[in-house]
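Participant: structure of the sequence below:
(2 chains)
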Amino acid sequence: MLFNSIDFAIFLPIVFVLYWFVTKKNLKLQNCLIVIASYFFYGWWDWRFLSLILFSTIIDYSVGLRLSKEENQTKRKILLCTSIIVNIGFLGFFKYYNFFLDNFLTAFSFFGTEIKANSLNIILPVGISFYTFQTMSYSLDIYKRKLEPTKDFVAFAAFVSFFPQLVAGPIERAKNLLPQFYTKRVFDYGKAVDGMRQILWGLFKKIVIADNCAVYANLIFNNSEDYSGSTLVLGVLFFAFQIYGDFSGYSDIAIGTARLFGFNIMRNFAFPYFSRDIAEFWRRWHISLSSWFRDYLYIPLGGSRGGLWMKVRNTFIIFIVSGFWHGANWTFIVWGALNAIYFLPLLLTNKNRNHLEIVAQSKSLPTLKELSLMLLTFSLTVFAWIFFRADNIGHAASYISEIFSYSLFTIPHFAGMRKSLLTIILVLLFVLIEWHGREEQFAIAHLGLKWKKPLRYAMYYAIIIAIFWFGGEKQQFIYFQF
Amino acid sequence: MQLFIKKIVLFFSIPFSIGFVFYVILSFILSSLLKGYKLDSNIREIFIGDSHITAAIDDNLIKNSKNLSQNAEAFLYSYFKLKVILESNPEIERVYLGYSYHNISSYQKGLYSNFIYSRYFFILPLTERIKLVKGNIRKFPLYLTIIIKSGVKNLLTKGDYTFLTDYVEAYKNRSASKESMDKIINYYFYTNGKLKDLSTINLFYFHKIIHLCKTYDVELIIINTPLHSYFRSKIPNYYINNYNYFIDINQLKVIDLSTLPLNDECFWPDGDHLSKKGRLLISKEFNKQKAQIHSK
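Facilitator: You can find the predicted model right below:
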């Protein structure tokens, strides 16, 4: 079920009413309702893959219980490996099987050995990369004795399948989300209203910004050989706002929906395009994934401790794995490696934690230096997006080579160029609103709260009208494919 | 909790109520505006059909005529469009209907679940409007916006209504290609190698168009639109036989342009739409055949 669909618009109020009116007095019943609603939400797409979630839930629940009782270190390792093998196994089979097979075949044929093997026509289960990582974090935390296992299977199943963040994150940690299923939820008016505002802003980002930018990004990327360098630059800029609007919009809707049910889930985006260096960008972009890799991969590998070689190795590992997490394609691996190259100079000169606070705090405008740093970081990010969006490495290479040709200095031109001006204006307006609200959890968190009621409502209605009026052709959320 | 629900209901009911009132007013104004659509007083002949007839006929070359065909127009929509035109333009004497082999195939899926049909929304009766809304119910917010946008556009344009016509010159420097023709043949007539069924809905409205012309005492002439010889040779006999059968039982007059020898440059790559060059040739040829048919 998509958040921007009529199905969800019917589903959400029904679950909300049942949750707060029918099951309100019984915590267990409320959790049961969440599990049923979440399975229904997921099964709406394809019920067959519910078995994967259920299997993953049973495995990690059982592993968690056994891990807490087991003192023998070897057996504990075996238990942890079971969880990791099951989860990574699912991911490996559904997401990476064909990639590895094709690359092995290519490698063997390169050395003159022809091997016959057929690729499988595998459907990638929506959200598999998200919920497998979430359940794995549970087992890893128990293994490290940072978390006590739950004995409440329903609460655990609700934690794994919680519908607001099931298919595209944020990837929650058991430490944060699981305890919320043990405690009685009380309806909080302020929190619910805040959640509605965040949902509204998420829908705006997705439907107005991302879906409109997608039209031009797809047009330009899919026909890149026909366009000049300047048009290609415009194409990747459209993609930059498409992916940000799409994914952060989804996260906003997820967080806002969770708040309606009395849950607090972690922030996933913190205005990443206002970052002053790549390290800051990665603290602000897809926070739940970056911090997952930091805690469960980078730090266990030694992090930034150790010698130069160790730092370089760990940085490349984390960025390449992060890139590979996004998809079984060399483009994602290059995208990850490129970000590692951006990041390394900062790490090696100990400048990776220079910008911990949001830019121009308590000020209206950035300084010239801040502006230059933001533009530089944005340009580097946009350049890397070419690999992320391209169909293959060859496509990315030809795209880049055309950008760095004399045609970069021509006026951009593509079919629908005039129409795209409206999208550009909307994006500029969006950037202004995001800038204004950059010190908040989301851009309109406090916008208009001190205004008179009619004015505030007018703003909400204006956003709703914009969603309806400027809504582009509905596109699936990009991160569903990951 | 109650306060929250009350406020949310109130918040959403205001725009919905305003939207509903707006829709009713818009619908009322447009229904009378569009249904009263007047063609130029010298127009005696009109062309109706889908993109094949749009691409084939240049009405500037045909005296006292207007090409009102439109891209992807199924007979269902042609019927309601023709009804509107004939009701308010009694001076129309002749209707040319584009009717080719693909028109009887069921390849056109989702005659109600498609955004492009919103351009006919305000000329449809309520029952058909409900079917259109139901067909797009899963995309309802976007569909509603498209309907309103189409309504506002109709309101603001003087006579250039969305349900009328939309000729756009496509594929300037390309000509018919076998690869494209094979693709389109497969798309029109086959599903997984098996012949597609005939379209019951298209045939139903085809007969309704025939009946409508009789009711208004207007002559109906079928135009079998031009086809590339390769394309024509690939049409399954099942379709050719059925096509002829429906012509014969209804005793329709036909101008057959599908067998004319035209070179590759006269077509789009798909081999069943004409290029600008082909359009010019065929419009002239049409005038000749028209003269012959009327002299009989």
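Participant: which residues of the chain score low on pLDDT?
Facilitator: If you meant another chain, say so; for now it's chain A. Along chain A, the model assigns pLDDT under 70 to residues A:115-124, A:472-482.
Participant: hm, I was asking about chain B
Facilitator: B:169-173, B:296.
Participant: nearest residue to the middle of it?
Facilitator: B:Glu73 (2.2 Å; CA atoms, centre = their mean).
Participant: so how far is A:Phe100 from the residue of chain A most remote from its centre?
Facilitator: In terms of distance from the mean C-alpha position of chain A, A:Gly112 ranks first, at 41.1 Å (CA atoms, centre = their mean). From A:Gly112 over to A:Phe100 the distance is 20 Å, taken as CB to CB, to the nearest Å. C-beta here means a position set from N, CA and C on the backbone, and glycine is covered the same way.
Participant: cool, and A:Leu356?
Facilitator: 39 Å.
Participant: measure stretch A:278-290 end to end?
Facilitator: One end of stretch A:278-290 sits 13 Å from the other (CA to CA, to the nearest Å).
Participant: what does that stretch rub up against?
Facilitator: Stretch A:278-290 is contacted by residues A:133, A:169-172, A:247, A:266-272, A:274-275, A:322, A:325, A:339, A:342-343, A:346-347, A:351-356, A:377, A:380-381 when judged by CB atoms under 8 Å, 6 or more residues apart in numbering or on different chains.
Participant: run the chain-centre distance for it.
Facilitator: Distance of stretch A:278-290 from the chain centroid (CA atoms, centre = their mean, to the nearest Å) equals 10 Å.
Participant: just the buried residues of it, please?
Facilitator: A:278-290 (16 or more other CB atoms under 10 Å in any protein chain shown).
Participant: now swap in stretch A:11-30 and tell me
Facilitator: A:Phe11, A:Leu12, A:Val15, A:Phe16, A:Leu18, A:Tyr19, A:Trp20, A:Thr23, A:Lys24, A:Leu27, A:Gln30.
Participant: pick out the most distant pair among those.
Facilitator: Taking CB to CB as the measure, the buried residues of stretch A:11-30 span a maximum distance of 22.2 Å, between A:Phe11 and A:Leu27.
Participant: picking that back up, okay, and which of the buried residues of stretch A:278-290 map to helices?
Facilitator: Secondary structure defined by DSSP state H assigns A:Ile278, A:Ala279, A:Glu280, A:Phe281, A:Trp282, A:Arg283, A:Arg284, A:Ile287, A:Ser288, A:Leu289, A:Ser290 of the buried residues of stretch A:278-290 to helices.
Participant: closest to chain B among these?
Facilitator: A:Ser288 (28.0 Å; CB to the nearest CB).
Participant: can you count the residues close to the nearest residue to that closest one once chain neighbours are set aside?
Facilitator: Leaving aside its sequence neighbours, A:Ser288 sits nearest to A:Pro170 (CB to CB, 6 or more residues apart in numbering or on different chains; 3.7 Å). By other CB atoms under 10 Å in any protein chain shown, the residues close to A:Pro170 number 27.
Participant: isn't there a helix covering A:Pro170?
Facilitator: No. According to DSSP: H, G, I helix; E, B strand; the rest coil, A:Pro170 belongs to no helix; its state is coil.
Participant: over to the residue in the stretch 201-350 of chain A that chain B sits nearest to. Which of the three states is it?
Facilitator: Across the stretch 201-350 of chain A, no residue is closer to chain B than A:Ile207, which sits at 8.4 Å (CB to the nearest CB). Recorded secondary structure, A:Ile207: helix (three-state DSSP).
Participant: around chain B, which positions in the stretch 1-150 of chain A sit nearby?
Facilitator: A:Ser5, A:Ile6, A:Asp7, A:Ala9, A:Trp20 (CB under 8 Å from any CB of the partner chain).
Participant: and those, which are buried?
Facilitator: Using 16+ other CB under 10 Å, the buried ones in these are A:Ser5, A:Ile6, A:Trp20.
Participant: these two touch, right, the second one and B:Ile137?
Facilitator: Yes. Contact criterion CB atoms under 8 Å: A:Ile6 and B:Ile137 qualify, at 6.5 Å.
Participant: overlap of the contact sets of the two?
Facilitator: In contact with both A:Ile6 and B:Ile137: no residue, using CB under 8 Å, 6+ apart.
Participant: how about stretch B:214-231: buried residues?
Facilitator: So stretch B:214-231, judged by 16+ other CB under 10 Å, has buried residues B:216, B:218, B:220-231.
Participant: that should have said stretch A:51-58, apologies.
Facilitator: A:Leu52, A:Ile53, A:Ser56, A:Thr57.
Participant: and if you look at stretch A:291-307?
Facilitator: Buried residues in stretch A:291-307 (16+ other CB under 10 Å): A:Ser291, A:Trp292, A:Phe293, A:Asp295, A:Tyr296, A:Tyr298.
Participant: give me the contacts around that stretch.
Facilitator: Against stretch A:291-307 from outside (CB under 8 Å, 6+ apart): A:133, A:136-137, A:140, A:171, A:173, A:310-311, A:313-314, A:317-318, A:321-322, A:347, A:352.
Participant: quote the end-to-end distance of it.
Facilitator: Stretch A:291-307: ends 23 Å apart by CA to CA.
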